[in-house]
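**Q** Here's a sequence, model it:
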Amino acid sequence: MEPKAKQQGDIEKIDKYTSYQLPNRFKIIGLILFIISFISVTLISIYLENNKYQDLFQRIGWTIAILSLFMIAISKEKVEDELIGKIRTQSYNYAVIVTVLIYLILPFINFTIESISSSMPKIEGSKDVSILAVLLMSQIFTFRKLKKAYNEE
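**A** Below you'll find the predicted structure:
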């Protein structure tokens, strides 16, 4: 059995990372960055067609777009209370469930569409599926660690 101080330390360490939020003004900064990066990716695909750096610039644009959405997601609301915390947790849970289901189902949808238009269809999964594995493993690990810490106090 772990000592009580170790359990409390585990809870505080996880809580430090899971409760971190940016100030509310980062919602606007994130939105502006998202719009700029989305427009940039569109312009890059139009004006840098067949340029050897097109893929690099598009990847940078999409990375900034994802980071700006992440910035919006972890920014505080003007009024942060327990209801907002519960809503935030429910929305994260829903987002993870929907993302996992889409990643699992999308290759089959693509295969079905490709089999209609091609005589030699092949099924290809997402190349980012390892990210889902890391996401789910970290959730399971964190859940077990917190459950153990809270149950043994």
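**Q** Now the top helix by length along the chain: average pLDDT?
**A** Looking across the chain with DSSP state H, the single longest helix is helix 82-117. Average pLDDT, helix 82-117: 88.
**Q** name the helices or strands packed onto that helix?
**A** Secondary-structure packing of helix 82-117 (3 or more C-beta pairs under 8 Å, 6 or more residues apart in numbering; DSSP states H and E): helix 129-151. For the C-beta atoms, the positions are set from N, CA and C on the backbone; glycine is no exception.
**Q** Okay, buried residues for the helix it packs on please.
**A** Residues of helix 129-151 classed as buried: 146, 149 (neighbour count, 16 or more other C-beta atoms under 10 Å).
**Q** Residues in contact with it: which ones?
**A** The set of residues external to helix 129-151 that reach it, using C-beta atoms under 8 Å, 6 or more residues apart in numbering, is 7-8, 10-11, 14, 96, 99-100, 103.
**Q** now swap in stretch 9-23 and tell me
**A** The contact list for stretch 9-23 (C-beta under 8 Å, 6+ apart) reads 71, 74-76, 80, 142, 145-146, 149-150.
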